[in-house]
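> Predicted model and sequence below, questions to follow.
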Amino acid sequence: MEQLGKADMKHAEDKPFYTASKNVLLGELSVGRFATTTGHYVRTRKDVANDRDDILVGFYRSPQPQLWTVGNQELELKPGSVVAFNIAQPVSSFTNGLTAWNLASIPRAQLLKLVPHADHRAAMLLDPANPAVRHLERTINFLLEADEVHEDPELTRRAKTMLQDLIVLALGARGEIAEIAAERGLRAARQRELIAIIEKRFAEPSLSITTIADALNLSRRYVSDLLLESGATFSERVLELRLQKARAMLTDVRYDDTKVSDIAFACGFNEVTYFNRRFRDHFGRSPTQYRMGTNHSDT
């Protein structure tokens with residue numbers, strides 16, 4: 001109900017029933033993910049009469065195609081399809097197998113102020129290769145997993161703004177609205193993507209700002225500016241992550257027999273002397289002293 005509104009749903013009698021759902025609210029916007037073995041989904045005029053009037057952007061992630069009838073349109077959604085539609089209208093769909101979606105929702109009235117043509121069709125297929133569309137799904141996934149966003153009102157506000165900007169861009173905003181959304185929404189999404197890449201690959205000795213910029217087809221200067229806006233340069237962020245991993249390994253009994261030099265290399269450092277110096281500067285003790293002190297206090 002919270003994600004898709006009231007509907008009549010029918011499950012295939014010859015398949016084990018399965019459903020899983022997660023929905024996160026960001027004020028009047030929301031993101032969600034669900035999967036189900038329900039094959040038939042029907043919303044009649046009676047169902048939509050007193051229901052929400054939202055625009056949904058849905059990323060179809062099922063292995064089987066889904067057949068839609070909405071308004072005077074018939075659509076066949078395939079794995080990877082992206083569709084925008086107004087939920088406050090009759091619709092029916094059929095899937096022979098698992099149905100899985102990633103979703104973003106925004107009130108129709110709010111969206112139409114920014115993108116007047118957003119609902120000129122009952123349902124509109126979007127280009128999955130559009131950068132705004134790609135970033136929108138990544139943002140949906142991020143918001144569904146990032147609990148810290150919902151624990152801080154300022155982070156929630158920023159996340160809501162980024163989500164709205166990406167929805168607006170994905171649905172074809174034009175003129176000044178598009179410029180503002182691109183500057184704000186895409187920039188924020190790319191910044192988050194950069195940080196996620198660094199957090200995943202920081203232990204690679206060859207990782208550099210150039211390799212990340214090339215991988216994302218962005219300029220080195222642009223990547224540097226985005227990271228600086230996040231509060232730390234590339235080098236500062238990578239060094240902090242490597243040092244924190246080294247500290248965690250030095251205090252983990254599983255690595256008691258691992259040489260300090262091997263720990264340094266495992267964390268992405270190329271030189272042991274440089275690692276020792278930066279570790280001491282950061283934690284006030286050498287790696288060996290830190291390990292001995294920790295082990296001593298544990299005993």
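Perfect, I can see it now.

> Going by neighbour count, which residues in stretch 127-135 are buried?
131-135 (16 or more other Cβ atoms under 10 Å). Backbone N, C-alpha and C define where each C-beta goes, glycine included.

> Turn the residues you listed into TSV, including secondary structure.
Shown next, in TSV, are these (DSSP: H, G, I helix; E, B strand; the rest coil):
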residue	secondary structure
Pro131	helix
Ala132	helix
Val133	helix
Arg134	helix
His135	helix
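
> Just the closest of these to Leu25, please.
Nearest to Leu25 among the buried residues of stretch 127-135, counting by Cβ to Cβ, is His135 at 20.7 Å.

> Surely the closest one touches Arg187?
No: counting by Cβ atoms under 8 Å, Arg187 is not a contact partner of His135; they are 10.1 Å apart.

> Could I get the full set of strands for the protein?
With DSSP state E applied, the chain shows strands at 8-11, 19-26, 29-36, 38-43, 54-60, 66-70, 73-77, 82-86, 91-95, 99-107, 123-126, listed in chain order.

> So which elements touch the third one?
Contact partners of strand 29-36 among helices and strands, from 3 or more Cβ pairs under 8 Å, 6 or more residues apart in numbering; DSSP states H and E: strand 19-26, strand 99-107, helix 131-145, helix 153-170.

> who does the last one touch, helix- and strand-wise?
Secondary-structure packing of helix 153-170 (3+ Cβ pairs under 8 Å, 6+ apart): strand 19-26, strand 29-36, strand 54-60, strand 99-107, helix 108-114, helix 131-145, helix 175-181, helix 187-201.

> Go through those and find the least confident stretch.
Of all the helices and strands packed on helix 153-170, the minimum mean pLDDT falls on helix 175-181 (a mean of 71).

> Show me the chain divided up by domain.
Domain assignment for the chain by automatic domain parsing gives 8-179, 202-299.

> Leu194 is nearest to which of the ones you listed?
Among the domains of the chain, domain 202-299 comes nearest to Leu194, with 5.8 Å by Cβ to Cβ.

> didn't Asn86 look like it was pressed against Arg108?
Yes: Asn86 is in contact with Arg108 according to Cβ under 8 Å; the separation is 5.9 Å.

> More neighbours: those two, which one.
Between Asn86 and Arg108, counted using other Cβ atoms under 10 Å, the more crowded position is Asn86 (22 against 18).
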